[in-house]
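Asks: coords please:
(chains A and B)
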Amino acid sequence: MNKIKSILVQEILNLVSRFSFWFGAVGVPLIGFTIYAGVSLVNNSQDGDQNVASTLIQSLATAPEELPVGYIDRAGLIQVFPPDVDEAGFIAFPDEKSALVALEEFEILGYITIAEDYINTGEMVFTADQFSLETVEVPNILERVIQYNLLGQDLQRYDWIIASPQVKEVSLSPAPARDQDNALTFFLPYAVTLLFYILIMGSATLMLNSIGKEKENRIIEILMVSVSPTQLLSGKMIGLGLVGLFQLVIWGGSAYSLLWLSGRAFNLPPEFQLAPSILAWGVVFFILGYILYGCLMSGLGALVPNIREASQVSFIIVLPMLIPLITISVLIRAPNGGLAVGLSLFPLTSPVTMMLRLAATSVPVWQILLSIFILLGAVFLAIRAAAGMFRAQTLLSGQKFSLKTFLLALAGR
Amino acid sequence: MPSVFVSNISKSFGKVRAVDEVTFEVQEGELFGLLGPNGAGKTTTIRIILDIYKPDSGSISVLGGPMNEAKKNRIGYMPEERGLYQDVPLERCLLYLASLKNVDRAVARERLEGYLEKFDLQAYRKKKVKELSKGMQQKAQIIATLLHNPELIIIDEPFSGLDPINTRLVKDMLLQIHQQGTTIIMSTHQMHQVEELCDRILLVDHGRVMLYGDLDQIRRQFSGHAVLVRTREPLPALSGVAHHEVYNSATKLVLEDHIHPQEILQELVARQLTVEQFEIALPTLDEIFIQVVEKRESQPA
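Replies: Numbers count the residues shown, from 1 in each chain, chains lettered A, B, ... in the order given. Predicted coordinates:
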C-alpha cells in the first residue's frame, strides 16, 4: 500500500509541477470568470430591465429581424395586427411578383404567401434567400396574426389561445425544462460532451504518456525490481485519476457557478441552466470512463516500444469515443432516441453520451443505473486485460507494436 | 547458505536460446563476477534471478527461497541500461526510488546526504537529472542502487561512463560494502576490474557456462608451463627453457615439458644470481577469456 501511495504521489507531483497543468486547470476557468466580470461591468452601466448578456443570449434563439418580412394574403384574413406583434416587421404585398422584387432589392428578409384555402389547409409558403435563426419564428408570428383576426380581434380569447398550456411537469430525473426547438438546447449538451471527452481522454492519455516516458527513460527495469506491475498500474491509475478529478471539479464547478451567476445576473433562459444532479452523475461517469480508457491506454503503453509509437497507435482506442462527437447533432435533437440510448448504454461510448443526454433532457433513472452497471462490468474486464498486458517481460520487450497482439492481449490471450 | 542459487536454468526468445542450462551459486557476502561478451546471456540471467523473466526450465533461489515482492526491498539492482526520471530534480528522484524500497523518508534523506557528499553531487541535488553529465547520472544511478542498504546488489557494468577517479571511487565503495558483508554480483566484460575485485567468477558465452569457480584456481588451470623471473643480473641461458619472452619488467620462461619450475629456481641459485621475482606465470583473465571463446568458436556447432 505504501508503494502505491508513493507512486500516486509521484505521479501527482510530476503533473502539478508543470505550468501547463495549472494553465489548463485554473487558467481556463479564470478566463471564463474574467469574461463574466467584464460583461457584468458593462451590464451594470445599462439602464432598463433588459441587460446585455440576456439580450445576447436571447438573440441566439429569437433575434429581432433587421428587415421586415413580406406577406401576400390570398385568403384575405389579415385586417389588423394584435398588440403583441410589431406591425412594422411585416409588409403586405398584393402579389408574389412585387414581393420578389422587394426581396431582390433587399427590402425584405423574405415573404410568406398565405394560401387561398388557408382555413382548410393551413398552407403558407415562406420564400427567402436563406433561412436562419432570424427567420425561423416568423411563420409562427404570422399565424398568431391570422388567429387574432379569425377570432374577430377578441383580445381575451386571443391571449387564452396563445398562452402556454398550464401543464405541470413531474420528472423523476429533475432537469430544467427545455424547448427542443430552441437553438440554445444544442449548445449546452455540446459543451458538456466536449468537456467530458477532453477530461476522460486527457486523463487516460496521461497514463499512456507516463508509461511511455518510463520506458523511454529506461527506468521501467528499476521499477520492476522495486514494485509489482499491479502496484505500478494502480498507483498511476489512482494518481492520474485524482488529478483528472481535480480538473473536473475545477472546470465543472466553474462552469456551473458561471451558469448559476449568469442565470441570476442576466435572467438566462432555462436552456442555459443545468440540474445540480449532473455534477454528481458527472463524477461517477468520469471515474468509470477514466478507469476504462486508462486501462486500455496503459495496456497500449505496455505494448509499444516508445512514446512516439504510442501516440501513433492511440487512435485505435480513441475511435469509439469519437462516435458521440460525430453523431452529436443527431443525439442532441433526439436525446431519448434509439441511437442516443444505445450509445449511452454501450460502455465505450456511454461516459460521454450519457452526460450529453443528461445535459440535453431528462433521462430515466433506470437507464442511468443500467449504463453504470454495464460500465462497471467493462471496467472490471479492462482492469483484468490491462493487468495481463502490464507484465515485466512485456514492458521490457521493446518489440514493435502490432494491433493483433493488442487485441489478443485484450482478449486475455 | 548461498544468497543466490541458480539451478539449470534455460530461457529462449523465439528460436534464440539466450540461457542454456546455467547453474551456479553466489555465497553470502561474496563479490561475484558474471563475465561474458556482449550477447552472452548475462543480462537475461540477471533478469531471471530478479524474476523479471520466467525461465523456461530450472529453478532459482534468492536470499533463501523463491523471489517474491518482499525480497525486492532487500535487493539493489543497477541495470546495464541506465534509467532515471529525466525531468525530475535529482534529490526527489532518488528519494522516490528509495520510497519504492519501503525506506522511511527521513532515513532515506539522511543517507542521501552522505552519498551526495561522497559522490560530490550536493550542488546538483535540485537540478533536473537531464541537466547532469553522463558521469554524474552514473553516480546518481549507483546511489539509487545503494540507498536502501540492500543485502544483495546486482550491478551491471558499474564502471561504464566513469572517469578513472570516479572508477576508483566506485571500486572503493563496492569493496567497502563487500567488507560489510553485502553480497555483490557484478556483471561486466572489463576483465581487469573483475581480477581486482572478485573472488569467484562465472564466464558465460552464447548462453552457456564456459568457466565457473575460484578466480585463482581458474588462472592456475589455464597457466601454461612457464615461470616469471626477474634477477638483478642479466639472465643467462638456462637449460630446460624452450623459449623466453620479456614480460613487463620480468622475463617469462616457457619450460620444456619434463622440467619442473623448482629445477629452474635451483639453477638460478646455483649460478648465484640475485632473484628478485620468481613465480608461476598465471594468465590474465583477458587471456583466459580469449582462449575460451576461441576454443568454443573452433569447435564444430
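Asks: use CA for all of it now, contacts and neighbours both
Replies: Will do.
Asks: Report the residue ranges of every domain in the chain.
Replies: Just going to use chain A. Under the assignment automatic domain parsing, the domains of chain A span A:2-37+A:181-410, A:64-132+A:137-162.
Asks: look at chain B instead
Replies: For chain B, automatic domain parsing gives the domain ranges B:1-63+B:151-223, B:82-146, B:224-281.
Asks: Just name the most buried of the domains of chain A.
Replies: Across these, averaging neighbours per residue (mean count of other Cα atoms under 10 Å in any protein chain shown) puts domain A:2-37+A:181-410 on top, at a mean of 19.
Asks: okay, how far is it across that one, tip to tip?
Replies: Terminal residues of domain A:2-37+A:181-410 lie 29 Å apart, using Cα to Cα, to the nearest Å.
Asks: Please name whichever of the domains of chain B is nearest to chain A.
Replies: With respect to chain A, and counting by Cα to the nearest Cα, the nearest of the domains of chain B is domain B:82-146 at 4.2 Å.
Asks: quick one: the closest one near chain A?
Replies: Yes - under the criterion of Cα under 8 Å from any Cα of the partner chain, domain B:82-146 makes contact with chain A via B:Arg82, B:Gly83, B:Leu84, B:Tyr85, B:Gln86, B:Val88, B:Tyr96, B:Ser99, B:Leu100, B:Lys101, B:Asn102.
Asks: pLDDT score for A:Leu403?
Replies: Predicted confidence (pLDDT) for A:Leu403: 71.
Asks: And what about the residue nearest the centre of chain B, helix, strand or coil?
Replies: For chain B, B:Gly33 is the residue whose C-alpha lies nearest the centre (Cα atoms, centre = their mean; 3.3 Å). Secondary structure state of B:Gly33, per DSSP: H, G, I helix; E, B strand; the rest coil, is strand.
Asks: where do the strands sit along the stretch 101-250 of chain A?
Replies: Applying DSSP state E, counting those that start in this stretch to the stretch 101-250 of chain A gives strands spanning A:110-114, A:124-128.
Asks: Mind putting the ones you listed into a markdown table with mean pLDDT and distance to A:Val283?
Replies: As requested, the strands of the stretch 101-250 of chain A are exported to a markdown table (pLDDT from 0 to 100; distance: least, Cα to Cα, whole Å):
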| stretch | mean pLDDT | distance to A:Val283 |
| --- | --- | --- |
| strand A:110-114 | 92 | 48 |
| strand A:124-128 | 89 | 47 |
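Asks: rewinding a little: residues contacting the residue nearest to the centre of chain B?
Replies: Applying Cα atoms under 8 Å, 6 or more residues apart in numbering or on different chains to B:Gly33 gives the contacts B:Ile185, B:Met186, B:Ser187, B:Thr188, B:Val194, B:Cys198, B:Asp199, B:Arg200, B:Ile201, B:Leu202.
Asks: B:Tyr85 too?
Replies: Neighbouring residues of B:Tyr85 by Cα under 8 Å, 6+ apart: A:Glu214, A:Asn217, A:Ile219, B:Cys93, B:Val129.
Asks: Closest to A:Leu13 out of the residues you listed?
Replies: B:Cys93 (11.3 Å; Cα to Cα).
Asks: if we can go back for a sec, tell me which of the domains of chain B sits nearest to A:Val365.
Replies: Comparison of the domains of chain B against A:Val365 by Cα to Cα identifies domain B:82-146 as nearest, at 44.2 Å.
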